[in-house]
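A.B. asks: model the structure of this input:
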Amino acid sequence: MKRIGLLCLALVLALGALGVGYAMWSDTLQIEGEVNTGELSVIFDSQYDNDPSDNDPKEAGSWNLTTLEWEGARWDKNVASTTSTFDDKSARIVVTLGYPCYWGSVLWDVHNVGTIPAKLHSITLTKLSKQLDEWPMNKALDIDTRYYVDVEQLRVNKVLQADDDFSFILSAFNCTQIDACQVGYLDVTVHVEQDAEQKKTYDFVIDYVFANWNE
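C.D. replies: Numbers count the residues shown, from 1 in each chain. From the prediction side, this is the model:
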């Protein structure tokens with residue numbers, strides 16, 4: 001009788017093991033993923049000068065974004081001029097025959113040729129002086145703020161001081177979010193100060209950094 005009980009117990013254990021073996025059968029489903037990123041690309045697209053041939057500007061003035069014309073008072077003389085050049089990623093403003101109290105200004109279109117919205121993230125004065133590589137700068141700049149510059153002293157601040165050579169004001173329009181295929185505007189306005197030297201060239205470089213709109 002004991003042998004019969006042990007045999008039954010062994011049979012139960014064997015069937016149990018057999019059941020576990022069947023339960024380990026499996027099948028697999030697999031999901032593959034792919035992420036395609038967009039492109040952030042902002043370029044200079046066109047430019048507008050405030051003094052290509054008219055009488056010289058006598059104030060900072062402003063740009064009419066509907067007509068893309070500069071509006072402001074002018075002197076009754078045509079002495080200096082303001083011109084500009086650009087390619088996709090860099091632009092240049094040049095004041096020729098500048099004199100104290102002369103204002104030169106350039107407006108640029110910046111075109112979002114990428115696929116995601118962009119915004120103006122930061123602005124930095126990176127170089128100063130004719131020998132641009134000799135005097136690197138790292139001065140963070142704000143929009144609609146007038147900065148006075150003494151090139152010899154490498155001084156850049158918001159208050160006019162003796163010996164300041166020139167000043168500049170930066171403006172930006174529609175740059176808080178530039179959707180794909182849309183444009184914003186950047187304006188650089190330069191003023192020649194009273195203590196600027198005669199027959200002198202003052203060079204500077206400003207970097208504009210654009211980022212995706214949700215940064």
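A.B. asks: per-residue confidence for Val12?
C.D. replies: Note on Val12: pLDDT of 49.
A.B. asks: hang on, I meant Ser105
C.D. replies: On the pLDDT scale, Ser105 gets 98.
A.B. asks: repeat that for Trp213.
C.D. replies: pLDDT recorded at Trp213 is 94.
A.B. asks: does it touch Cys175 like I think?
C.D. replies: No. Taking contacts as C-beta atoms under 8 Å, Trp213 lies outside contact range of Cys175: 10.3 Å. Any C-beta I mention is one placed from the backbone N, CA and C, and that applies to glycine too.
A.B. asks: what do these two both touch?
C.D. replies: Counting by C-beta atoms under 8 Å, 6 or more residues apart in numbering, the shared contacts of Trp213 and Cys175 are Lys119.
A.B. asks: what bridges to the closest residue to Leu65 other than its chain neighbours?
C.D. replies: Distances taken as C-beta to C-beta, 6 or more residues apart in numbering place Phe173 nearest to Leu65, at 6.0 Å, with adjacent residues excluded. Taking DSSP bridges as the rule, Phe173 bridges to Tyr185.
A.B. asks: A strand includes Gly98, no?
C.D. replies: No. Assignment of Gly98 by DSSP: H, G, I helix; E, B strand; the rest coil gives coil, placing it outside any strand.
A.B. asks: quick check on the nearest residue to it once chain neighbours are set aside: phi, psi?
C.D. replies: Residue nearest to Gly98 in three dimensions, not counting chain neighbours: Val192, with 4.4 Å by C-beta to C-beta, 6+ apart. In terms of degrees, to the nearest 10, the main-chain angles of Val192 are phi -80, psi 120.
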